[in-house]
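>>> attaching a predicted model along with its sequence, questions to come.
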Amino acid sequence: MGHRWYGNDIKLGVLGGGQLGRMMIQSAISYDVHIHCLDPDPNAPCAEIAHSFTCGSLTDYETVMQFGADKDVITVEIENVNIEALKALQAIGKKVYPQPEVLEVIKDKGLQKQFYLDQGLPTAPFDCIVDIKEAKGQKIPFVHKLRTGGYDGKGVNIIRTSADLETTFNGPSIIEQLVPFKKELSSIVARNKHGEIAVFPLVECEFDPEANLVSFLFSPADVRPSVEQEAIKIARSVIEKLDMVGLLAVEFFLTEDDTLLINEIAPRPHNSGHHTIECCRVSQFEQHLRAILNLPLGDTTQTRAGAMINLVGEKGHEGPVLYKGLEDVMRIPGVYPHLYGKQVTKSFRKMGHITVTGDSLEEVREKAQKVMREVQVLSIH
């Protein structure tokens with residue numbers, strides 16, 4: 001007899017009720033896995049579709065303890081959660097994946113960078129600082145990152161002139177050498193309790209410099225096979241050395257001489273893995289569930305080329321959302337919209353994504369460019 005992981009017997013608690021949780025629920029339904037969410041926003045994307053939804057703080061010890069009290073397995077879709085509560089829940093026999101000790105390292109960019117150093121994993125040189133005054137006299141340009149709480153490009157500034165030091169945030173942070181890179185890549189790897197590991201094909205990112213967000217991603221990445229093999233090797237090594245159970249996104253810089261450096265990691269389904277829903281035999285969301293429920297991992301083989309475009313609110317638009325041009329691009333074969341159920345748009349808010357699939361990267365890029373030209377996330381004025 002295997003362990004029961006489906007039906008009413010097992011309650012899976014998810015800290016966070018955003019779009020990652022929403023897509024996790026979409027996968028969980030096929031397996032009759034019941035997901036219960038905690039999120040501070042009463043209108044969170046998971047609010048209406050979770051098995052049960054609790055509105056509350058993710059960083060408050062008591063709230064997280066109460067939420068976890070009747071759950072069998074607990075996971076996260078955001079890192080900024082109360083680690084102490086998760087440790088206490090783990091101590092009373094709850095399965096917490098990824099483990100609180102792992103979240104603790106990843107949540108703090110200083111500890112995360114130190115971990116790479118200690119484990120001999122490749123990353124850009126850095127220093128930890130407590131106060132921005134300590135950054136005076138550092139060789140410009142450099143990257144300034146808050147140690148905790150940053151997300152979606154927030155909490156990251158590039159310091160190009162000494163004037164930028166006057167406007168950047170203050171507080172415990174890291175300063176990192178600005179690495180000249182030719183590509184940003186992402187590798188998503190999963191590991192279950194048995195130590196079984198599976199890695200998805202490499203993804204390549206294209207950035208929007210103004211929003212500091214990825215404008216679109218495509219896979220397979222346009223790199224030499226040796227680079228892909230090295231990225232897979234590093235991703236496997238990171239999840240093994242963390243002894244982590246769950247799904248991990250490893251973001252890389254690829255330098256001019258084809259050296260890979262780890263930029264940062266995220267211990268959960270990730271924006272750079274959304275295309276797996278349509279493009280791989282198993283999606284990242286299903287794989288995350290398989291990993292934390294200690295099931296056999298799914299086949300990560302990519303069956304077609306894909307690109308993913310983030311649908312983000314146009315600058316200066318705030319209010320009830322209007323997706324302009326969406327029906328037009330839905331006429332194109334291989335175009336799949338995913339709307340996150342957020343009723344109100346704001347400048348640069350992630351509202352959904354569109355996956356584009358095709359037989360070749362050329363075909364996919366062409367369709368993706370068309371989608372990006374045609375679709376806009378506006379507010380109804």
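That came through fine.
>>> isn't P320 right next to H381, touching?
No: at 9.5 Å, P320 and H381 do not qualify as touching, with contact defined as Cβ atoms under 8 Å. C-beta here means a position set from N, CA and C on the backbone, and glycine is covered the same way.
>>> looking at the two, which has the bigger crowd around it?
Of the pair P320 and H381, P320 is the one with more neighbours under other Cβ atoms under 10 Å, namely 11 against 7.
>>> in a strand, the more buried one, correct?
Yes: under DSSP: H, G, I helix; E, B strand; the rest coil, P320 sits within a strand.
>>> how much space between the residue nearest to it when sequence neighbours are not counted and M23?
Leaving aside its sequence neighbours, P320 sits nearest to I380 (Cβ to Cβ, 6 or more residues apart in numbering; 4.7 Å). I380 sits 26 Å away from M23, taking Cβ to Cβ, to the nearest Å as the criterion.
>>> and the pLDDT for the residue nearest to P320?
Looking at I380, its pLDDT reads 92.
>>> tell me the contacts of it?
319-322 (Cβ atoms under 8 Å, 6 or more residues apart in numbering).
>>> out of those residues, who's nearest Q177?
Taking Cβ to Cβ as the measure, Q177 lies nearest V321 of these, at 39.8 Å.
>>> what pLDDT is listed against the closest one?
On the pLDDT scale, V321 gets 97.
>>> what about it, how many residues nearby?
Neighbour tally, V321, other Cβ under 10 Å: 21.
>>> run through the bridge partners of it.
Per DSSP bridges, the residues bridged to V321 are S379.
>>> tell me the contacts of it?
Per Cβ under 8 Å, 6+ apart, neighbours of V321: 313, 342-345, 351, 377-380.
>>> can you rerun that using 10 Å?
311, 313, 339, 342-346, 349, 351-352, 377-380 (Cβ atoms under 10 Å, 6 or more residues apart in numbering).
>>> quick one, helices of the stretch 251-381 of the chain?
276-279, 284-292, 326-329, 361-374 (DSSP state H, counting those that start in this stretch).
>>> buried deepest among those helices, which one?
A comparison of the helices of the stretch 251-381 of the chain by mean neighbour count, using mean count of other Cβ atoms under 10 Å, puts helix 284-292 on top with a mean of 26.
>>> now that one: mean pLDDT?
Per-region confidence: helix 284-292 scores 98 on mean pLDDT.
>>> could you find the closest non-adjacent residue to the most centrally placed residue in the chain?
Residue closest to the mean C-alpha point of the chain, counted by Cα atoms, centre = their mean, is H270 at 2.5 Å. Once flanking residues are discounted, H270 sits nearest to A249: 3.4 Å by Cβ to Cβ, 6+ apart.
>>> ok, K87 - contacts?
The neighbours of K87, taking Cβ under 10 Å, 6+ apart as the test, are 96, 99-101, 103-104.
>>> distance of the closest residue to G334 other than its chain neighbours relative to N157?
Once flanking residues are discounted, G334 sits nearest to T357: 4.2 Å by Cβ to Cβ, 6+ apart. T357 sits 36 Å away from N157, going by Cβ to Cβ.
>>> how is this structure carved up into domains?
Domains of the chain are assigned by automatic domain parsing as 7-96, 125-177, 181-379.
>>> of all those domains, which lies closest to K113?
Across the domains of the chain, closest to K113 is domain 125-177 (Cβ to Cβ), at 5.1 Å.
>>> buried by neighbour count: which residues of the helix or strand where E104 lies qualify?
Assigned by DSSP states H and E, E104 falls within helix 100-107. Buried positions in helix 100-107, judged by neighbour count with 16 or more other Cβ atoms under 10 Å: 100, 102-107.
>>> just those now: which is nearest D243?
Of all the buried residues of helix 100-107, D243 sits closest to V102, with 7.5 Å by Cβ to Cβ.
>>> just put the buried residues of helix 100-107 in CSV and tack on distance to P201.
Listed next are those as CSV, based on distance: Cβ to Cβ, whole Å:
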residue, distance to P201
P100, 30
V102, 24
L103, 26
E104, 30
V105, 26
I106, 23
K107, 28
